[in-house]
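Asks: Task: produce atomic coordinates for the following.
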Amino acid sequence: MPILGIIASSRLAAGAAGSYESIATVTVGSGGSATVSFTSIPATYTHLQIRAITRNSYSGSVTTGNGTVILNSDTGSNYALHQLRANGASVSAVATASAGSMYGFSDIGGTSVSNFFGAGIIDILDYTNTNKYKTIRVLTGSDGNTTNDDWLFFASGLWQNTDAVTTITLASDNPNYAEYSQFALYGIKS
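Replies: A predicted model of the protein is given here:
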């Protein structure tokens with residue numbers, strides 16, 4: 001088998017059917033919610049993944065938000081983060097060594113095109129390993145058919161703590177996740 005075929009086969013095996021198990025799903029109700037939390041996360045998986053579609057309730061001129069991730073309710077300056085953000089007109093990058101949270105989902109704003117949502121995936125790697133800090137990676141974006149609403153975010157974060165992750169809080173920054181925003185938490189087996 002050619003080398004490329006071996007690489008493709010090994011990548012497919014890593015995400016084979018049955019390696020992801022649904023843990024919980026949250027759908028934001030009427031009136032919205034500033035935060036969504038997953039608590040009492042079982043320690044029976046190797047990694048966690050959150051998949052979401054999000055919209056915020058902000059009514060001003062800024063239409064796209066960038067939510068946050070907080071692990072185990074820790075809001076101290078214990079996070080390091082990187083982000084690359086781009087739309088059709090500009091690119092920006094951010095890096096911080098000491099923050100109170102990590103970057104989360106991009107959510108499209110309330111003043112944007114109606115019924116449009118941002119979408120994204122967050123991976124939390126080795127969440128139960130007490131011998132290392134916890135790493136997350138984020139791929140998220142939104143498409144509202146305008147330059148202001150079209151964003152793609154790549155981010156990574158480091159929670160500088162060796163505790164196992166038992167609680168994940170996702171917060172909108174503009175100011176609430178709107179009704180019908182949905183978050184699904186999955187456990188990934190090794």
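Asks: Surely residue 132 touches residue 126?
Replies: Yes: contact status for residue 132 versus residue 126: in contact at 6.3 Å, counting by CB atoms under 8 Å. All C-beta atoms are positioned from the backbone trio N, CA, C, and that covers glycine.
Asks: Of those two, which one has the most company?
Replies: residue 126 (17 against 11; other CB atoms under 10 Å).
Asks: How far off centre is the helix or strand residue 98 falls within?
Replies: Per DSSP states H and E, residue 98 falls inside strand 91-99. Centroid displacement of strand 91-99 relative to its chain, using CA atoms, centre = their mean, to the nearest Å, is 16 Å.
Asks: What average pLDDT does whichever helix or strand comes after it get?
Replies: Per DSSP H and E, the first helix or strand lying C-terminal to strand 91-99 is strand 102-108. Mean pLDDT, strand 102-108: 84.
Asks: Same question for stretch 51-68.
Replies: 76.
Asks: ok, residue 153 - how many residues close by?
Replies: So residue 153, with other CB under 10 Å, has 21 neighbours.
Asks: Wait, it touches residue 122, no?
Replies: No: if you go by CB under 8 Å, residue 153 and residue 122 don't touch, sitting 10.8 Å apart.
Asks: Quick check: which element contains the nearest residue to residue 139 once chain neighbours are set aside?
Replies: Distances taken as CB to CB, 6 or more residues apart in numbering put residue 121 closest to residue 139, at 5.4 Å, once the chain neighbours are dropped. Assessed by DSSP H and E, residue 121 sits inside strand 118-125.
Asks: quick one: buried residues of that strand?
Replies: Within strand 118-125, the residues that count as buried by 16 or more other CB atoms under 10 Å are 118-120, 122-124.
Asks: Right, I'll call it a day here.
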